[in-house]
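> Provide a 3D model corresponding to the input given below.
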Amino acid sequence: MNIFQARTSQAREWGMKDWLVVAGLFIATLISRIPFRSRYLYGWDSGNFALGMLDFDPADHRPHPPGYPLYVAAAKLIDPLFSDANATLVALSIFSTAVAVALIYVAGQRIFERRVGLL
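Have a look, this model is predicted:
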């Protein structure tokens, strides 16, 4: 067994400690973003996304082309929880950021090792 094989087998181990790290990173990301969220639609871009939630039409710049249909669809899906376009878009962005941080850890841990996932 060479060093690469040993490191690869070590990186593929997944245990309770890794689940705790993923949960911790997810929660820490949420907690670090929530206090700094925007409270209003601060620019034309966010206003166009809010308009796109009401009536999706990229040709009419609701939102601007290419329209980001998956983002707008996800926002429409969770909008009943918030009933405010800004709060919905911000919550979706914060949640997506937390998921991305957790997945970056998973990728680093699976490809290399736990320390790389934490970097």
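> could you use CA atoms for every contact and neighbour count after this?
Fine.
> what is the helix of greatest length in the chain packed up against?
The longest helix of the chain (DSSP state H) is helix 85-111. With contacts defined as 3 or more C-alpha pairs under 8 Å, 6 or more residues apart in numbering; DSSP states H and E, helix 85-111 has these neighbours: helix 3-11, helix 16-33, helix 44-54, helix 69-82, helix 114-118.
> which one of these lies nearest to residue 88?
Across the helices and strands packed on helix 85-111, residue 88 has its closest neighbour in helix 69-82 (5.5 Å, C-alpha to C-alpha).
> next, the angle from the closest one to helix 85-111.
Interaxial angle of helix 69-82 relative to helix 85-111 (axes from the mean of the first three to the mean of the last three C-alpha atoms, to 10 degrees): 120 degrees.
> packing partners of helix 69-82?
Helix 69-82 packs on helix 44-54, helix 85-111, going by 3+ C-alpha pairs under 8 Å, 6+ apart.
> mind listing what's buried in that helix?
For helix 69-82, the neighbour count (16 or more other C-alpha atoms under 10 Å) marks 69, 72, 75-76, 79 as buried.
> on that earlier part again, of all the helices and strands packed on helix 69-82, which lies closest to residue 34?
helix 85-111 (7.5 Å).
> so for that closest one, what's the average pLDDT?
Mean per-residue pLDDT for helix 85-111: 93.
> which positions within that helix qualify as buried?
Within helix 85-111, the residues that count as buried by 16+ other C-alpha under 10 Å are 85-95, 97-99, 101-106, 108-111.
> sorry, back to before: mean pLDDT for the helices and strands packed on helix 85-111: which is lowest?
The bottom spot among the helices and strands packed on helix 85-111, by mean pLDDT, belongs to helix 3-11, with a mean of 54.
> thank you, goodbye.
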